[in-house]
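Q: Pasting the sequence and the predicted model now:
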Amino acid sequence: MGKLLKNNKFRIILVIVIAAVAAGVSIRMSQNTRLLDKAAYREFKDAVNEVADSEAGGFEDQEALRTFIKTWFDNYGLRYEEDKYGNIIFDKAPVKRKKNVTPTLVCVSMNYETACDNAQLLASAAAIALTGIESGRQTVIFVNDEQNLGKGYKGLTDDYVTSRSKVIYMDKGSTLYLSTASFEKVFSHFSLDAEREENVCDTAVKVKIKGVPSAVVTTNVSKQPDPVSAFSGMLSRLKGKSAIYRVADVSVESNGDMYPVGIEATITLNSYAAGSFTSYLDKRIKAWEKAYGKDNEDLEFSYKVIDDPEALPETTYTAETTDRLAGILYTVKSDTYRYGENDVIPENKKVGDINGINALIGLEAGEDKISIRVMTQGADDMFTNRILYDNKAAAELYQCKYIQDDKIDAFVNTKDSLSLTFKKTYDKVNDTSSAGSELRMDTDNFFTPCSYLQSINGEADIIHLRMDSTNASNLANTVLCYIKTKGNTSFF
């Protein structure tokens, strides 16, 4: 009996010891895997959302966004610097015992026009910069990317993107994934010689579209309100009805390397065709309101009929110039290109996936010349050149010049150290059992600033992390866990 009691006591003590060890391991693991300051994260995110919900409906300009971020850092006593390119840089030196650990650079784009949609992204970067962890060199940069021009990225040096750097570019989208490759980008323009003549029509319609919310050009081409496409549709409608019409003037409100935000145009025509044309415009306005009006209070699509002879334009572009302009805009549309059955398709892609993007991002109409600016993106030279050849063919068809202005190489990272280690860290510190929570490996089907970062130092190990609204804080926490452990899962 006594022996039995002793055995029971031993078992009880053993269970208590095991439970204590398990509790200790659990506490230690919690301390090592829950690094993100969620209160600070929520505070930043909520503050951005308040700006979005304010009367202004967002940040007024880039300086307002920069001031917002710097004020938040100042309130926490966080040291940072602002360089001459408008970047806000948090740079933390390594602790002594980790001075030889590879440095980590985290970059997010800072664009006041997209900031409110990216509240979680900006909050993630701010919380990563704020959270104090012992690590190697840790740098977080809010990169000035106003109008998607890449000014801040082009101003960074190899002091930040070193040959040993582990670089994490973060942005936000509809799905969660990790990428090691993205599209190249080519800028070009059509140059159309133009002639003007005295107005031959007795009526004019002045069309205005303004307040279009701009966006970075990615696979969202078909969903973006496109004032240039709307104008093209008007010209095609008149041409299809065999109406006598001329373009008197057209002015597109461009927005750097983003989508245009408005257009004003005056089209002259004879009165017998005016009623049919305005009925068409009424239908298009209703369609725009149905498609875009709910989420875009500032969007305006309107027109005005001018039939007073004294108020009509004195001159217009000639019939030939008008016809060539209409032809170019009809043929060269903002659209996506996709893999076909006869294409050489990468392992992680399939027939129907996007391999190229063409976007009209500007139009300038002068007295003797009309210039149409185009951005083309492609998975590689072969797919980009397909689109460029189509553009060149359109230029030849309508007797104008097609000129390539600039090219930015595609991003391709052949190293797997960072991507595999980060994926391993994510799997270790997150519950990946639910649908959509797994961090999948993929390649981008659009251009990313990773190209700019790679051009600074081709030896750097760079990945693109795209977060979604569900996993933003988990991904930010994973970044901190990676920085702290560099994949040494025995620390967890």
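A: Yes, it's here.
Q: drop to CA atoms for contacts and neighbour counts, all remaining ones
A: Fine.
Q: ok, the closest residue in space to residue 404 that isn't next to it in sequence to residue 135 distance?
A: With Cα to Cα, 6 or more residues apart in numbering as the criterion, residue 404 has its nearest non-adjacent residue at 4.2 Å, and that residue is residue 188. The gap separating residue 188 from residue 135 is 45 Å, by Cα to Cα, to the nearest Å.
Q: Tell me which of those two has more neighbours.
A: Counting neighbours by other Cα atoms under 10 Å for residue 188 and for residue 135 shows that residue 135 has the greater number, 24 against 19.
Q: Quickly note the distance from that one to residue 190.
A: In terms of Cα to Cα, residue 135 sits 51 Å off from residue 190.
Q: likewise residue 233?
A: Residue 233 sits at a distance of 19 Å from residue 190 (criterion: Cα to Cα).
Q: For these two, indicate the residue with more neighbours.
A: The residue with more neighbours, out of residue 233 and residue 190, is residue 190; 21 against 17, by other Cα under 10 Å.
Q: Kindly confirm my reading that that one is in a strand.
A: Yes. Residue 190 forms part of a strand when assessed by DSSP: H, G, I helix; E, B strand; the rest coil.
Q: got the contact list for the residue nearest the centre of the chain?
A: In the chain, the residue lying closest to the centroid (Cα atoms, centre = their mean) is residue 216, at 4.2 Å. The neighbourhood of residue 216, defined by Cα atoms under 8 Å, 6 or more residues apart in numbering, consists of 148, 257, 258, 259.
Q: List just the nearest of the residues you listed to residue 59.
A: Looking at the contacts of residue 216 and their distance to residue 59, the nearest is residue 148, at 15.9 Å (Cα to Cα).
Q: Skipping adjacent residues, who's closest to that closest one in space?
A: Counting by Cα to Cα, 6+ apart, residue 148 lies nearest to residue 257, which is 5.4 Å off, once chain neighbours are set aside.
Q: Are we agreed that residue 36 is in a helix?
A: No. Under the criterion used here (three-state DSSP), residue 36 is coil, not part of a helix.
Q: Can we start the residue count at 10 from this point?
A: Okay, using 10 as the starting number, the last item reads as residue 45.
Q: Spatially nearest residue to it (excluding sequence neighbours)?
A: residue 486 (4.9 Å).
Q: Could you name the helices and strands sitting against the helix or strand hosting that neighbour?
A: Secondary structure assigned from DSSP states H and E places residue 486 in helix 481-494. Where contact means 3 or more Cα pairs under 8 Å, 6 or more residues apart in numbering; DSSP states H and E, helix 481-494 is packed against helix 11-42, helix 128-139, helix 426-438.
Q: ranking those helices by mean pLDDT, which is last?
A: Across the helices and strands packed on helix 481-494, the stretch with the lowest average pLDDT is helix 11-42; it has a mean of 47.
Q: angle of the helix or strand following it against helix 481-494?
A: Scanning forward in sequence from helix 11-42 by DSSP H and E, the next helix or strand is helix 47-62. Orientation of helix 47-62 against helix 481-494 (axes from the mean of the first three to the mean of the last three Cα atoms, to 10 degrees) gives an angle of 140 degrees.
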